[in-house]
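Colleague: model this:
(one chain, ligands or ions: 2)
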Amino acid sequence: MAELKKVQRCYHCGVELQTNDENSSGYIRKEILAAYPEGLLLCDKCFNTQRFNSKPKEANFDENYLEILKEIQEKKPLVVYVIDLFSFEGSFISKITEMLSNVDVLVIGNKRDLLPKNVDNSKLKEYVSHRLRVSKLKVLDVILTSTNPNYNIEEMFNKIYELRNGRDVYFVGASLSGKSALIAEFLKMYKNQTSSLIKTITFKNTQLRGFQIPIDDNSYIFETPGTNIDNSILSKVERSVQNLIIPKKSVVEKKFRLGKDQVLFLGGLASISLISDKKCNITLYVSNKINVLSTKNKENIFESLLNKNKLKPISENLKSFADFDVYDFQVTEQGMRDIGILGLGWFKFKGENQTFRISVPKGVFIYTTRSKI
Ligand SMILES: Nc1nc2c(ncn2[C@@H]2O[C@H](COP(=O)(O)OP(=O)(O)OP(=O)(O)O)[C@@H](O)[C@H]2O)c(=O)[nH]1
Ligand SMILES: [Mg+2]
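Modeller: Ligands and ions are numbered 1, 2, ... in the order given. Here you go, the predicted model:
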């Protein structure tokens, strides 16, 4: 009689599993297949797209951008590193900071207007400077700025002229950090006293374009294109939701006392809960357009609140809890700490060996640092 042999297929997409070709459909590693001969298995592709909950990843960036960094390494200009103070950690892509490590850097902490007014500017500057030095950048100075309304713009340009010492100046920084807005403000005060014109250029060996502004007959300010932040929540939601997530004015601090079995929903975009026993105070910094709902944690709570229209804003891309990565953060450090969700905001608390459980849309970066403010 013919022998029946079961074909092993992916539990999610149904494709036949195979262990030979990583680049063809149905691939699964030999060891996994061997370890679970009778298991319900997923092919690699489904594992990565459906269940994947790996370590938070750095953003990918356009490899062309490395060519601009090489140019900077060769020319040793003054680099003006623009950082969005509200979405600070998005600026630290290790390959980029590594390539800037031998260059003079003036750090601009932009969007100061989005942080509460009562925040101590000198402590904030110290924090920013420390964070960049940890990333091995050669920080000459830090200036906090805003273009909305204008704050310290003139100081920034005086500082650039002082520090550049006849050299070119490169504006560098993540997309949306405010490079173009700062340069637009600068151009309002700028008088071209050279024989060259302001023009857009294509950077050497790339298709990347930016502005070139003459400062004297031998040197220029270059505006480089921003590096993409594909691990920010902004890259995971639709335009209308992005508009609610990006604060338009100073964020209002929100204080909560979290107990075990309680969960905070930041709209339908993320959640924070406490796993450890001892109650804990947290202060949350997110756009004022995000409704924060505090509720008792129970099974299927996300779907249940979603169906009852209790969460605002929500995204078309986040319809079930399977669309989220879930992380447990066991806090081992003492003192004031932040846990942040890139692009969305962060919360501050006192480190006391707590464990927080955070859920974020798949692929969104989360981090913990010493408290910023
Ligand atoms: N609240 C606030 N918003 C700002 C500030 N500076 C810029 N923005 C806003 O942030 C967004 C991005 O600013 P851009 O100047 O286009 O940023 P960029 O760094 O040039 O971005 P790329 O060109 O993508 O690299 C815009 O919506 C600006 O209006 C600021 O100081 N405060
Ligand atoms: Mg720009």
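
Colleague: contacts, neighbours, all on C-alpha from now
Modeller: Noted.

Colleague: and residue 33, which of the three is it?
Modeller: Following DSSP: H, G, I helix; E, B strand; the rest coil, the label given to residue 33 is helix.

Colleague: contacting residues for it?
Modeller: Each residue near residue 33 by CA atoms under 8 Å, 6 or more residues apart in numbering is listed here: residue 41.

Colleague: measure stretch 248-264 end to end?
Modeller: 23 Å (CA to CA, to the nearest Å).

Colleague: For it, buried residues please.
Modeller: By neighbour count on 16 or more other CA atoms under 10 Å, the buried set for stretch 248-264 is 249-252, 258-260, 262-264.

Colleague: near ligand 1, from these?
Modeller: On the criterion CA under 6 Å from any ligand atom, residue 249 are the entries of the buried residues of stretch 248-264 that sit beside ligand 1.

Colleague: Just flag the most distant two among the buried residues of stretch 248-264.
Modeller: Using CA to CA, the pair of the buried residues of stretch 248-264 lying farthest apart is 249 and 260, separated by 32.6 Å.

Colleague: Next up, the contacts around residue 231.
Modeller: So residue 231 contacts 57-60, 342, 363-365 (CA under 8 Å, 6+ apart).

Colleague: Correction: the previous question concerned residue 65.
Modeller: 206, 208, 227.

Colleague: now, which of the residues you listed sits nearest ligand 1?
Modeller: residue 227 (6.4 Å; CA to the nearest ligand atom).

Colleague: what is the closest one paired to in the beta sheet?
Modeller: Using DSSP bridges, the bridge partners assigned to residue 227 are residue 174.

Colleague: Next up, the contacts around it.
Modeller: Counted by CA under 8 Å, 6+ apart, residue 227 has contacts 61-62, 65, 173-175.

Colleague: which of those residues tops the neighbour count?
Modeller: Per-residue neighbour counts (other CA atoms under 10 Å) across the contacts of residue 227 peak at residue 173, which has 27 neighbours.

Colleague: Surely that one and residue 87 touch.
Modeller: No. Using CA atoms under 8 Å, residue 173 is not in contact with residue 87; the gap is 11.8 Å.

Colleague: Which of the helices or strands spans residue 73?
Modeller: For residue 73, the host element (DSSP states H and E) is helix 65-75.

Colleague: Grab the CA positions of that helix and hand them over as CSV.
Modeller: Output of helix 65-75 as CSV, limited to C-alpha atoms (Å, rounded to 0.1, in the frame of the first residue of the first chain):
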residue,chain,number,x,y,z
TYR,A,65,24.2,59.0,3.3
LEU,A,66,27.5,57.4,4.2
GLU,A,67,29.0,59.3,1.2
ILE,A,68,28.0,62.6,2.8
LEU,A,69,29.6,61.4,6.1
LYS,A,70,32.8,60.5,4.2
GLU,A,71,32.9,63.9,2.7
ILE,A,72,32.5,65.3,6.2
GLN,A,73,35.3,63.1,7.6
GLU,A,74,37.6,64.3,4.8
LYS,A,75,36.8,68.0,5.0
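
Colleague: In its sheet, which strands sit next to the very next helix or strand once past that helix, and in what direction?
Modeller: Using DSSP H and E, the helix or strand that follows helix 65-75 in sequence is strand 78-84. In the sheet containing strand 78-84, its partner strands are strand 104-110 (parallel), strand 169-173 (parallel), by DSSP bridges.

Colleague: and the angle for the last one with helix 65-75?
Modeller: On the basis of axes from the mean of the first three to the mean of the last three CA atoms, to 10 degrees, strand 169-173 is oriented at 150 degrees to helix 65-75.

Colleague: So which elements touch the helix or strand following strand 169-173?
Modeller: Later in the chain than strand 169-173, the nearest helix or strand by DSSP H and E is helix 179-189. Packed against helix 179-189 by the contact rule (3 or more CA pairs under 8 Å, 6 or more residues apart in numbering; DSSP states H and E) you find strand 146-147, helix 153-164, strand 169-173.

Colleague: one step back: dump the buried residues of stretch 248-264 to TSV, plus pLDDT and secondary structure.
Modeller: Formatted as TSV, the buried residues of stretch 248-264 follow (pLDDT from 0 to 100; DSSP: H, G, I helix; E, B strand; the rest coil):
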residue	pLDDT	secondary structure
249	92	coil
250	95	coil
251	95	coil
252	94	coil
258	95	strand
259	94	coil
260	89	strand
262	91	strand
263	95	strand
264	97	strand
